[in-house]
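In: Just a sequence and a predicted model for now, questions to come.
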Amino acid sequence: MRISGSVALVTGANRGLGKHFTQHLLERGASKVYATARNPELIDIAGVEKLRLDVTDPQSVADAAAAAPDVTLLINNAGLATGANLVSGDLSKIRLEMDTHFYGTLGMVRAFAPVLASNGGGGILNALSALSWFSYDGANAYSAAKAAAWSLTNGIRIELAEQGTLVTGLHLGAADTDMAAGYDGDKMAPAEVVRAALDGIEADKLEVIADEWSAYVKASLAGDPSEFYTAASASAS
């Protein structure tokens, strides 16, 4: 999968990682970049084709697929963090997390898989999280939705292999974006995350782990969960 000459579509392109993905794709020679957002008038990047897209709205997704029939690389980046927990949290917020991260991503994949197939296979990158692999009080709805999106990523990779579509999952801890503005821990520069992700796509990687924290969390899955949560609690105190 080559970035140069590709036709990419980025969801959530108006800010954060999505904005950086859009900029870096252009810099790396993508022949066209569809920059999408619920409010495309907020996209301030020159040289892109703006599309209105709400990944939680099936008609909006269908319209985007019809408007972008030449896409060869789909970047599923759109996301949100409601701060909801699962037991006591607002159920509408929990559903919104799932509608955005799981069903929204699935809807985009289902709509664009035929487009990618008709254009030679191409690639899909799903922006996931280290929180795909652990839970954190105050972000449990987000963790559950990202865990579902991780499983989705693994599943569609198998289903789309026959049509030659590369499916890459991107995992990171925190990036210095608006979404993480209230987080006081270490944050990666968004440009570093995007650079690692695009390098991974060009290397045909199935998974990109952008930082040491994400690598540590994934490695912990082979052990007793109590060891990870005890260590994480101690480091946070």
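Out: Structure received.
In: so how many other residues sit close to V167?
Out: 22 (other CB atoms under 10 Å). C-beta coordinates here come from the backbone N, C-alpha and C atoms, glycine included.
In: Also L26?
Out: Look at L26: counted by other CB under 10 Å, it has 19 neighbours.
In: In terms of pLDDT, where does it sit?
Out: You'll see L26 listed with a pLDDT of 98.
In: So it versus K32, what's the distance?
Out: Distance of L26 to K32, computed by CB to CB, to the nearest Å: 9 Å.
In: What of A65?
Out: For A65, the distance to K32 equals 15 Å [CB to CB].
In: Same drill for those two, tell me which one is more crowded.
Out: A65 (21 against 18).
In: M98 is in contact with T82, correct?
Out: No: T82 is beyond contact range of M98, at 10.7 Å (criterion: CB atoms under 8 Å).
In: Pull up the overlap in contacts between the two.
Out: Residues touching both T82 and M98 (CB atoms under 8 Å, 6 or more residues apart in numbering): A141.
In: can you give me the helices for this structure?
Out: Applying DSSP state H to the chain gives helices spanning 16-27, 58-67, 91-98, 105-118, 140-160, 190-202, 212-220, 225-236.
In: Let's have the ones you listed in JSON lines, adding distance to G47.
Out: As requested, the helices of the chain are exported to JSON lines (distance: least, CB to CB, whole Å):
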{"stretch": "helix 16-27", "distance to G47": "6"}
{"stretch": "helix 58-67", "distance to G47": "18"}
{"stretch": "helix 91-98", "distance to G47": "32"}
{"stretch": "helix 105-118", "distance to G47": "22"}
{"stretch": "helix 140-160", "distance to G47": "29"}
{"stretch": "helix 190-202", "distance to G47": "17"}
{"stretch": "helix 212-220", "distance to G47": "32"}
{"stretch": "helix 225-236", "distance to G47": "43"}
